[in-house]
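Asker: Fold the following for me, if possible:
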Amino acid sequence: MLKHRETPDCRTDRSRLMQRAQDGDREAFQALVADVEPSVMRYLRRRIPDPNEVEDVLQETFMAIYESRHTYECGRAFEPWLFAIARYVAARHAKVFFARVKREALEATIPDHGGRGSESVLAAVRRGLARMPLAQRQAFMLLRVQGLSPVEASLLTGASAGNLKVRAHRAYQYLKQILL
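Answerer: Numbers count the residues shown, from 1 in each chain. Next up is the predicted model:
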């Protein structure tokens, strides 16, 4: 005779709330979040480098907990499961944060662009616009400077919207080469 496997006993309030949340009880999940929020917040404050982002990471953590709620096994300790998820979310956030900081590192001095002041840059742009074909200049001015949509610009010029986008892109690339 086979014995029926019984569900482990959920002894803590948090375990019982999680079991109810697994069964689809929204109020139970909200109560669980309210109960663990202060301790998760303290945990994240020690691990998130930017204090302005802790609240966002807290929300990401609760989303991850909600999405992973099916992995919790009632009868096992709830807190290690909870903080393993919080640790994973914090580590993922820190990785993104430090990659962004590395990419956006501020320079102590303003880079030198060959001695060009704002007036010489403006003069270079004007020279570049004067040298480019009329169709490219017209597309660039309508789409990039005046901010018209490709459809609006095509009504004014008679060229297709796609053609205008290509022309404006070529003009932009040309000006970029002049300025770099």
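Asker: what's the distance between the helix or strand bottoming out on mean pLDDT in the chain and the middle of its chain?
Answerer: The helix or strand of the chain with the poorest confidence is helix 118-131; it has a mean of 81 (mean pLDDT, DSSP states H and E). Between the centre of helix 118-131 and the centre of its chain there are 36 Å (Cα atoms, centre = their mean, to the nearest Å).
Asker: after that helix comes which helix or strand?
Answerer: helix 134-140 (DSSP states H and E).
Asker: mind saving the C-alpha coords of that next one as PDB?
Answerer: This file holds the C-alpha atoms of helix 134-140, laid out as PDB (Å, rounded to 0.1, in the frame of the first residue of the first chain):
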ATOM      1  CA  LEU A 134      20.900  70.300 -52.200                       C
ATOM      2  CA  ALA A 135      18.700  67.200 -51.800                       C
ATOM      3  CA  GLN A 136      20.600  66.100 -48.700                       C
ATOM      4  CA  ARG A 137      20.800  69.600 -47.200                       C
ATOM      5  CA  GLN A 138      17.000  70.000 -47.800                       C
ATOM      6  CA  ALA A 139      16.200  66.700 -46.100                       C
ATOM      7  CA  PHE A 140      18.500  67.400 -43.200                       C
END
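Asker: Go through that helix and flag the buried ones.
Answerer: Of the residues in helix 134-140, 135, 136, 137, 138, 139, 140 count as buried by neighbour count, 16 or more other Cβ atoms under 10 Å. Quick note: C-beta positions are derived from backbone N, CA and C, even for glycine.
Asker: Give the next helix or strand downstream of it.
Answerer: Using DSSP H and E, the helix or strand that follows helix 134-140 towards the C-terminus is helix 150-157.
Asker: Tell me which residues are up against that next one.
Answerer: Contacts with helix 150-157, where a contact means Cβ atoms under 8 Å, 6 or more residues apart in numbering, come from 138, 139, 142, 143, 148, 159, 160, 161, 162, 163, 164, 165.
Asker: so after it, what's the next helix or strand?
Answerer: Using DSSP H and E, the helix or strand that directly follows helix 150-157 along the chain is helix 161-179.
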